[in-house]
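K.L.:
fold the following and give me the result.
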Amino acid sequence: MKHYRLVYYRSYWNDVLIWRVQLGALIVVEENEKKTLKRLLSTLASETDLLIGKTISGIIVLGLSALVAIILWKPLNVAHWLVPPLLIMAALISIGIGIILSMFTKTSHGASSLSVILGLMLAFTTGIWFPIEWLPLWMRFLAKIFPVTWAIDAIRSIIVFNAPLSEVATNIMKIVASVIAVYYISIIVYRRLIRKYIEE
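P.N.:
The predicted model follows:
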């Protein structure tokens, strides 16, 4: 069971950091390449509806996966119910980063490739594959200021060390603030991209 949890843990965070970043990067670029963006926006659906729909589709599988995590671990431990929201917030941060990244790409192939590279780099520095302490000092600094690292640390503290809410409260507040900041910036970028593609 311990080995299974380790495999599950790593595969889940790979999904969050690599494929959710990719999803965010492709939200607008891919629809524009398929020539469906203008058609979608000519319907009753607004640009906000498109963003919300894509985001929900991106986290729904992760939400189910987070529910499975609760069942596999200790559902009777109240602190463990913080895990699904933390997982979903980490996914939202990754999607937001992907949307911001799409500002620097022109094609879905470029967005996809760049997002996978960035996702792998982020996974490398968050302590998923090996301890952050093994990294060079400058990479440790990057890891410690990356919001997804805070989410991983909070979840590890809750699940592995049975930390109470008071012990992870600061991390949770920082994660919530990061979700708001990253997603707010990504909405601005998203709207600019929409306007850019509509005017083309």
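K.L.:
quick one: list the elements packing against the longest helix seen in the chain.
P.N.:
Ordering each helix of the chain by length in residues (DSSP state H) puts helix 165-199 first. Secondary-structure packing of helix 165-199 (3 or more C-beta pairs under 8 Å, 6 or more residues apart in numbering; DSSP states H and E): helix 20-33, helix 37-41, helix 47-72, helix 83-101, helix 147-159. For glycine as for every other residue, the C-beta is placed from the backbone atoms N, C-alpha and C.
K.L.:
buried set for it?
P.N.:
168, 171-172, 175, 178-179, 182-183, 186, 189-190, 193-194, 197 (16 or more other C-beta atoms under 10 Å).
K.L.:
make TSV from the helices and strands packed on helix 165-199 and add mean pLDDT to it.
P.N.:
Listed next are the helices and strands packed on helix 165-199 as TSV, based on pLDDT from 0 to 100:
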stretch	mean pLDDT
helix 20-33	81
helix 37-41	76
helix 47-72	72
helix 83-101	87
helix 147-159	86
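K.L.:
Ala111 is nearest to which of those helices?
P.N.:
helix 20-33 (4.1 Å; C-beta to C-beta).
K.L.:
quick one: list the elements packing against that closest one.
P.N.:
Using 3+ C-beta pairs under 8 Å, 6+ apart, helix 20-33 sits against helix 37-41, helix 47-72, helix 83-101, helix 108-124, helix 165-199.
K.L.:
just the angle between it and helix 83-101, please?
P.N.:
50 degrees (axes from the mean of the first three to the mean of the last three C-alpha atoms, to 10 degrees).
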